[in-house]
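Engineer: this is a predicted model, with the sequence first.
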Amino acid sequence: MDVIVCIKQVPSTNEVRINPETNTIIREGVEAIINPFDMYALEEGLRVRDRMGGKVTVLSMGIPSVAELLREAISLGADEAILLSDKAFAGSDTLATSYALSMGIRKIGKYDLIICGKQATDGDTAQVGPSLAEKLGIPHTTYVRKIEAMEEGYIRCQRLTDDGYEVVEMILPALITVVKEINEPRLPSLKGMMRSKKAVITTWNAEDINANKDLCGLKGSPTQVIKTFTPVHDIKSEIIEGTPAEQAKKLADKLLSLKF
Ligand SMILES: Cc1cc2nc3c(=O)[nH]c(=O)nc-3n(C[C@H](O)[C@H](O)[C@H](O)COP(=O)(O)OP(=O)(O)OC[C@H]3O[C@@H](n4cnc5c(N)ncnc54)[C@H](O)[C@@H]3O)c2cc1C
């Protein structure tokens, strides 16, 4: 089984700072890490390979320094790493990001399963996985918490829902996005760390992947950030005391006295 794991570089904090003038993320001075959900995606890819053979390729679109994070993925056990990096990709929204990734994957050629994290901790949209699957014309399932069964051309997985889980069957190749309940990511091994030092990180630009530059980066991004702001939480709350029956009565009285 050949697995492709999509990995995004994110700031090591959830407190993403935005430049109010350009409305872009301020990346300077913030440590970069692999998106935490992508660590679970990588672990699941490694487990599939360890069970069934094949290889794990990690793929990222980002600035040249993302190569160091791909090296980290190799130290954890990934077989190959590919970075899509080009000025033409700068300012991509989710549509342009999934377009570039889909063109990179078309160039990779053969694969059985693509694994993404459920969402990135900075952009947070959770759109790239499903959008990528649509661009490649393959089925997908989001919020996967367990791969129940997998064989040539077939996968059955559990998809986390608000009140339990659904069992979804798909034909391969397919894409899944994973939640943290799926596994416990491993630590790098000494052998892996040695291998990662020497590993070649393949870098492809827009031309290498035959991408139409009009569909990349800012040019290919139909969404634009018009304004960013921190929401103000100014709703006053009140604790209703008493026995459950008293609380219910007081609440009912309050609701009945409200004028709309
Ligand atoms: C309207 C809008 C405008 C934006 N403008 C800017 C901007 O000006 N500058 C800026 O820096 N960012 C901008 N962004 C953020 C940027 O578009 C997103 O970071 C990017 O498209 C990925 O979306 P996400 O972070 O929501 O990822 P999600 O969809 O939440 O990520 C899900 C999964 O997809 C995969 N994935 C996502 N991105 C990548 C990647 N690059 N490489 C490999 N795998 C990936 C990972 O597996 C990840 O776990 C903008 C986003 C939006 C919605």
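Structural biologist: Now that the structure is in, tell me what you want to look at.

Engineer: Gly77 contacts Glu44, doesn't it?
Structural biologist: No - counting by CB atoms under 8 Å, Gly77 does not reach Glu44; the two are 11.8 Å apart. No exception for glycine: its C-beta is placed from N, CA and C like everyone else's.

Engineer: count the neighbours of whichever residue of the stretch 1-150 of the chain sits closest to the ligand for me.
Structural biologist: Nearest residue of the stretch 1-150 of the chain to the ligand (CB to the nearest ligand atom) works out as Gly123 at 1.9 Å. Look at Gly123: counted by other CB atoms under 10 Å, it has 17 neighbours.

Engineer: give the contact list for the residue lying closest to it once chain neighbours are set aside.
Structural biologist: Spatial nearest neighbour of Gly123, chain neighbours left out: Thr94 (7.1 Å); criterion: CB to CB, 6 or more residues apart in numbering. Applying CB atoms under 8 Å, 6 or more residues apart in numbering to Thr94 gives the contacts Gly123, Thr125, Gln127, Val128, Ser131, Thr223.

Engineer: give me the pLDDT value at the third one.
Structural biologist: What it means is Gln127. For Gln127, the pLDDT comes out at 97.

Engineer: before we move on, the earlier item: list buried residues within the contacts of Thr94.
Structural biologist: Buried members of those, scored by 16 or more other CB atoms under 10 Å, are Gly123, Gln127, Val128, Ser131.

Engineer: is it possible to get CSV of those that adds secondary structure?
Structural biologist: Below are the buried ones among the contacts of Thr94 laid out as CSV (DSSP: H, G, I helix; E, B strand; the rest coil):
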residue, secondary structure
Gly123, coil
Gln127, coil
Val128, helix
Ser131, helix
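
Engineer: pLDDT value on Glu134, please?
Structural biologist: 98.

Engineer: using the three-state scheme, assign it.
Structural biologist: Secondary structure, three-state DSSP: Glu134 is helix.

Engineer: ok, Met103 next?
Structural biologist: helix.

Engineer: that one: what's it in contact with?
Structural biologist: Ile209, Asn210, Ala211.

Engineer: ok, and the most crowded of these?
Structural biologist: Ala211 (26 neighbours).

Engineer: for it, give me its contacts.
Structural biologist: Counting by CB under 8 Å, 6+ apart, Ala211 has contacts Ala88, Tyr99, Ala100, Met103.

Engineer: let's see it at 10 Å
Structural biologist: Ala211 makes contact with 84, 86, 88-89, 96, 99-100, 102-104, 106-107, 204-205, 217, 220, according to CB atoms under 10 Å, 6 or more residues apart in numbering.

Engineer: can you report phi and psi for it?
Structural biologist: phi -80, psi 140 (degrees, to the nearest 10).

Engineer: measure it to the ligand for me?
Structural biologist: Distance, Ala211 to the ligand, using CB to the nearest ligand atom, to the nearest Å: 14 Å.
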